[in-house]
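Trainee: pasting the structure only:
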DNA sequence: ACAAAAGTGTTAGACCTACACCCATGG
DNA sequence: CCATGGGTGTAGGTCTAACACTTTTGT
């Protein structure tokens, strides 16, 4: 019952970043067979004495040198017994958000290269990683409606136009600027700064910060964040 | 990288059933140590050549002789390295719904006894199964608002009072009968039969069926089921 | 003064919520 | 005919969705 099982346990992460007004995901070029040279999700095998979370964090550090702003479990892929040609491997996949501007990617032990890819222009992926990525994207699109997770993709201080553009990039449909601002402000979770973002042409936009503590307090007392746009 | 890992993979299921106007969950009395005699979730180790889903289905069959109406992955527990005192074991846990009336529980190989427990009156559970159950309950309560999963707990033909009582049992708060009926009917997903449930006193209630096919068709074209009650 | 992007309010319709009486059956 | 539980409509309030002009800045 114990020694006749030979299943290996891996963790993989779909890391989303927002760059150049587009949603990106982080991929690693595989160094070894059986998918040498292919792009794949960052991830790897879990150590015997390491929690799953610690495993993902370690792989992200080793393979891409990044620390994420948000991390949650996505799904465990283990129904296809042959998803890894080498052995029976199940993958506990995670969903992560990061501020892409904050890092210069660097590769390390397990990978040749780490790179951001625009979500609508992904290369062919190793294993079942395309499916995992798709599922993560579905989760992101669903979740952004009922949790304020978008802020994890932006700088600590951001403008309304940035936030709005982020939502448009994720949901791939236009948003009414006035209704969006009204709704977001109604939660009273943003802190207005006195700073402005002066870039490009046009009127400078005011910078805001997300009030994480206040959100956590509200959460605890049964508050629900929600934004609907048909 | 392959042979230095010794993590075991188990699956566990939180099976919900609705009986005697109350929400129940299915528990198994452990036959062997380290939790001999304790109540625990049905589950066990996955076989090398078996999908995770097949593993859960097999365990449910073997341990309790049941087949479920609804089954989805819940969460993978593997952050506590010592959640099983014998070895490093991760548990991929599932969330299942079943029509409790339809089965007479029978125990088999791995268990002494299988039994329904009222959700507000659970015994102390083995391993971290209390936490898993709690998470499943949270999921059920959330999910019943935005997916028509309640029908999986009832007979194929059911009455409005039954459906309403089910929601009350799950959410543990009263519901306005008129608004509930109006909302459910507005989806146009129920098929009215000409039959009535004649039981007890009072006016007999009309029997309805859930139109599964129609629901699946609507789903495919972007429809969302949703019931809110503050 | 012009171009570019930020900021701002109102209104109609949809949806949610609260609420009380009549109806069908069995004893 | 009484007790029990099933079935039904309406009105007020709140939220959503649609829509266009003014403000600030750089050139």
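Mentor: Arrived safely, thanks for sending. Just so you know, these numbers come straight off a predicted model, no measurement behind them. Numbering: from 1, shown residues only, chains lettered A, B, ... in the order given.
Trainee: of all of chain A, which residue lies closest to DNA strand D?
Mentor: Nearest to DNA strand D, among the residues of chain A, is residue A:203, at 2.9 Å (Cβ to the nearest atom of the strand). Backbone N, C-alpha and C define where each C-beta goes, glycine included.
Trainee: Give the closest residue to residue A:19 in space, chain neighbours not counted.
Mentor: Closest residue to residue A:19 apart from its sequence neighbours, by Cβ to Cβ, 6 or more residues apart in numbering or on different chains: residue A:100 at 4.4 Å.
Trainee: ok, the residue of chain A closest to DNA strand D to residue A:174 distance?
Mentor: Distance, residue A:203 to residue A:174, by Cβ to Cβ, to the nearest Å: 21 Å.
Trainee: Am I right that residue A:141 is in a helix?
Mentor: Yes: note on residue A:141: a helix contains this position according to DSSP: H, G, I helix; E, B strand; the rest coil.
Trainee: show me what contacts it?
Mentor: Contacts for residue A:141 (Cβ atoms under 8 Å, 6 or more residues apart in numbering or on different chains) come out as A:170, A:171.
Trainee: One more pass at 6 Å, please.
Mentor: Applying Cβ atoms under 6 Å, 6 or more residues apart in numbering or on different chains to residue A:141 gives no contacts.
Trainee: what ranges do the strands span in chain A?
Mentor: A:8-19, A:22-30, A:39-40, A:43-45, A:70-77, A:89-97, A:111-118, A:157-159, A:190-197, A:205-210 (DSSP state E).
Trainee: Now render the ones you listed as a markdown table, adding distance to residue B:156 and mean pLDDT.
Mentor: Shown next, in a markdown table, are these (distance: least, Cβ to Cβ, whole Å; pLDDT from 0 to 100):
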| stretch | distance to residue B:156 | mean pLDDT |
| --- | --- | --- |
| strand A:8-19 | 39 | 98 |
| strand A:22-30 | 43 | 95 |
| strand A:39-40 | 45 | 97 |
| strand A:43-45 | 43 | 97 |
| strand A:70-77 | 30 | 98 |
| strand A:89-97 | 35 | 98 |
| strand A:111-118 | 48 | 84 |
| strand A:157-159 | 52 | 97 |
| strand A:190-197 | 50 | 96 |
| strand A:205-210 | 48 | 98 |
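Trainee: With mean neighbour count and distance to residue B:27 as extra columns, can I get the ones you listed in CSV?
Mentor: Formatted as CSV, the strands of chain A follow (neighbours: other Cβ atoms under 10 Å in any protein chain shown; distance: least, Cβ to Cβ, whole Å):
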stretch, mean neighbour count, distance to residue B:27
strand A:8-19, 24, 27
strand A:22-30, 22, 41
strand A:39-40, 20, 40
strand A:43-45, 21, 33
strand A:70-77, 19, 23
strand A:89-97, 24, 26
strand A:111-118, 17, 45
strand A:157-159, 18, 49
strand A:190-197, 12, 46
strand A:205-210, 18, 43
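Trainee: right, so of those, which gets closest to DNA strand C?
Mentor: Once the strands of chain A are compared by Cβ to the nearest atom of the strand, strand A:205-210 is nearest, at 3.6 Å.
Trainee: Is residue A:83 in contact with residue A:130, as I believe?
Mentor: No: counting by Cβ atoms under 6 Å, residue A:83 sits too far from residue A:130 to count as a contact (11.8 Å).
Trainee: helices and strands of chain A: which one bottoms out on pLDDT?
Mentor: The helix or strand of chain A with the lowest confidence, counting by mean pLDDT, DSSP states H and E, is strand A:111-118 at a mean of 84.
Trainee: thinking again about what came up before, so between residue A:203 and residue A:174, which is more surrounded?
Mentor: residue A:174 (10 against 7; other Cβ atoms under 10 Å in any protein chain shown).
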